[in-house]
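Undergrad: here you go, sequence then predicted model.
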Amino acid sequence: MSLIGSKVQKTPAFLKNEEVFQLLLDDVNAKAEIIKLGGGKASTEKHHKRGKLTARERIQKLIDPGSSFLEVGLFCAFEMYEEHGGAPSSGTVFGIGIVHGREVVIVANDATVKAGAWFPVTVKKNLRAQEIAMENYLPIIYLVDSAGVFLPMQSEIFPDKEHFGRIFRNNAVMSSMGITQIAAIMGPCVAGGAYLPIMSDEAMIVDKTGSVFLAGSHLVKAAIGEEIDNEQLGGATVHCEISGVTDHKMADDDECLEKIRSIIGKLGEKPRAGFHRAAPALPNFDAHEIYGLFPADRTKPYDMYEILARIIDGSDLDEYKSGYGKTIITGYARIDGWAVGIVANQRSVVRTKKGEMQVGGVIYSDSADKAARFILNCNQKLIPLVFFQDVTGFMVGSRAEHGGIIKDGAKMVNAVANSVVPKFTFMIGNSYGAGNYAMCGKAYDPRLIYAWPTAQIAVMGGRQASETLLGIKIQQMEKGGAHISKDEQQKLLDEIQQRYERETNPYFAAGRLWVDGIIDPAQTRAVVSRGIAVAAHNASIPQFNPGVIQT
């Protein structure tokens, strides 16, 4: 192993970076606390008066005392659906918890948000939960308390392949895979949504607060003229003693959650993947120093080795091809004891052995070739991959094109796409263009993908994109006979840049589930460790097939 040293000094520039980064983190934490309130204190009080726990309270009572809940999609729907009053966390709380020492996926409707109604991105979030359960062979628990589809947006929720019906399809597929699904009906469960708990392997219902039916009492009266209340139509007594639709009648939320814990505690053990873990060791340097290392001016270079030295065990990196393709760092390391393969963009300006200068954050042909070979090695050795993205894209220009950058870039993308070991991605800075793909963006199936507050995701950098869009806009206006003054051009440019900056920030990405969340860099080790522990539940790693990669 090769120990990574550190040359960090707490200079004025370091302290300025630290201050800016801390402000970004404070903003993330403040927004997160507001989101966790769901529909607000008044809605929570109404919920409690009905004898019900909130979604987050249910999850805390369900998981083992003192254990951590890895939330996925906290910022989902951020600043979306404002015309409908917003939907904090998309009205659903989900993540990975531990029940009786076993990793499980938990999905809980938040009925304090629009009575738990489903917005378009709520569907996407629930499909993400099922995807994590299927990829990792984890049991999944649904805590159901929802009024069903948000009707004003039904056309964006109902009929397409990745819409509402896909959830029930996944219920069936997971059962065939032997993945345990347990559902608790703890509030309303209406119409098509009724299929989710009943297609699970075991369903329970809370007396007097839980109900399940294809059509509620008002619709029944309108459709067939029958007058009946919801409890008589589809309450706990009906479905546990007459229809047989549900399996267990529970007195209240607490008894229901304890019943779920009891069932999970009796599940049999299955084979696990053989990812290697040694005794964990802390990095040699404080992870919080990353705040000062990361430049406030994102155009400035920094040394990725310094970042890695504060993430990997003992700051030890067994580097692969250290003298070749220097704008990507590749190497074997450990994180919390787990063996991992690191693929990280190097943002320093580097000099090759031929004396050529290479711009940091850009993927050159040699970097792409090295990364592709390293990914193959990790697949052969059954070592999970961890990607750290701060990439502006692949190198452009005649020299790069003549040197075959497209071929080498395709080689790297192919290696990432065909990789079968678990992949984990952290967007720490720029994530632009095809660099996003090559460094295992969302489209390339990372098991978990998180952003630091400094992340930006876009097809190209803001300045280049804004100037390109401005040029197109001016051309269109001038074709129509309009003359654009310099001041008007600057105003247009400012408007374009503001919109582009909003669309590239991590909140925009997290709101649409392009990333699973926004985290403090100091949490990175914990996320990787938890992710590999979860991935180890799936022992069926397929044979790696490199496809058309040419080595």
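TA: Received it, and whenever you're ready, just let me know what you need.
Undergrad: quick one: Asp286 and Arg310 touch, right?
TA: Yes: the pair Asp286 / Arg310 is scored as a contact, 6.6 Å apart, by C-beta atoms under 8 Å. In short, each C-beta sits where N, CA and C put it, glycine included.
Undergrad: compare the two and say which is more crowded by neighbours.
TA: Arg310 (24 against 12; other C-beta atoms under 10 Å).
Undergrad: so where's the chain shaky on pLDDT?
TA: Within the chain, the ranges that satisfy pLDDT under 70 run 1, 192, 353, 355, 460-466, 469, 547-551.
Undergrad: assign the residue lying farthest from the centre of it to helix, strand or coil.
TA: Centroid-distance maximum for the chain: Gly481 at 47.3 Å, with C-alpha atoms, centre = their mean. Following DSSP: H, G, I helix; E, B strand; the rest coil, the label given to Gly481 is coil.
Undergrad: ok, now how distant is it from Ile496?
TA: 22 Å (C-beta to C-beta, to the nearest Å).
Undergrad: just Ala223 next, same as before
TA: Remark: distance between Ala223 and Ile496 (C-beta to C-beta) = 52 Å.
Undergrad: who has more neighbours, those two?
TA: Legend: neighbour count by other C-beta under 10 Å for Ala223 and Ile496, higher for Ile496 (18 against 9).
Undergrad: name the helix or strand for the more buried one, please.
TA: helix 486-504 (DSSP states H and E).
Undergrad: packing partners for that helix?
TA: Packing partners of helix 486-504 (3 or more C-beta pairs under 8 Å, 6 or more residues apart in numbering; DSSP states H and E): strand 456-458, helix 462-479.
Undergrad: from the chain's centroid, how far away is that helix?
TA: Distance of helix 486-504 from its chain centroid, counting by C-alpha atoms, centre = their mean, to the nearest Å, is 29 Å.
Undergrad: give the next helix or strand downstream of it.
TA: Next element after helix 486-504 (DSSP H and E): helix 506-511.
Undergrad: surely Ile264 touches Ile106?
TA: No: the criterion here is C-beta under 8 Å, and Ile264 misses it with Ile106 at 10.5 Å.
Undergrad: skipping its backbone neighbours, what lies nearest Lys370 in space?
TA: Once flanking residues are discounted, Lys370 sits nearest to Gly325: 3.6 Å by C-beta to C-beta, 6 or more residues apart in numbering.
Undergrad: that neighbour sits in which helix or strand?
TA: Counting by DSSP H and E, Gly325 is part of no helix or strand.
Undergrad: next: Ile449.
TA: Using DSSP H and E, the element containing Ile449 is strand 448-451.
Undergrad: can you tell me the strand partners of that strand and which way each runs?
TA: Strand 448-451 has its sheet partners listed here by DSSP bridges as strand 423-432 (parallel), strand 517-518 (parallel).
Undergrad: list the contacts of the shortest one.
TA: Right, the one you point to is strand 517-518. Strand 517-518 has contacts (C-beta atoms under 8 Å, 6 or more residues apart in numbering) with 28, 71-75, 450-453, 455, 506-507, 510.
Undergrad: as a markdown table, these with distance to Lys249 and neighbour count would be great.
TA: A markdown table is the format used below for the contacts of strand 517-518 (distance: C-beta to C-beta, whole Å; neighbours: other C-beta atoms under 10 Å):
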| residue | distance to Lys249 | neighbour count |
| --- | --- | --- |
| Val28 | 42 | 22 |
| Glu71 | 31 | 20 |
| Val72 | 31 | 23 |
| Gly73 | 32 | 25 |
| Leu74 | 33 | 22 |
| Phe75 | 37 | 27 |
| Tyr450 | 40 | 24 |
| Ala451 | 44 | 28 |
| Trp452 | 47 | 26 |
| Pro453 | 46 | 24 |
| Ala455 | 47 | 24 |
| Pro506 | 44 | 26 |
| Tyr507 | 43 | 18 |
| Ala510 | 39 | 24 |
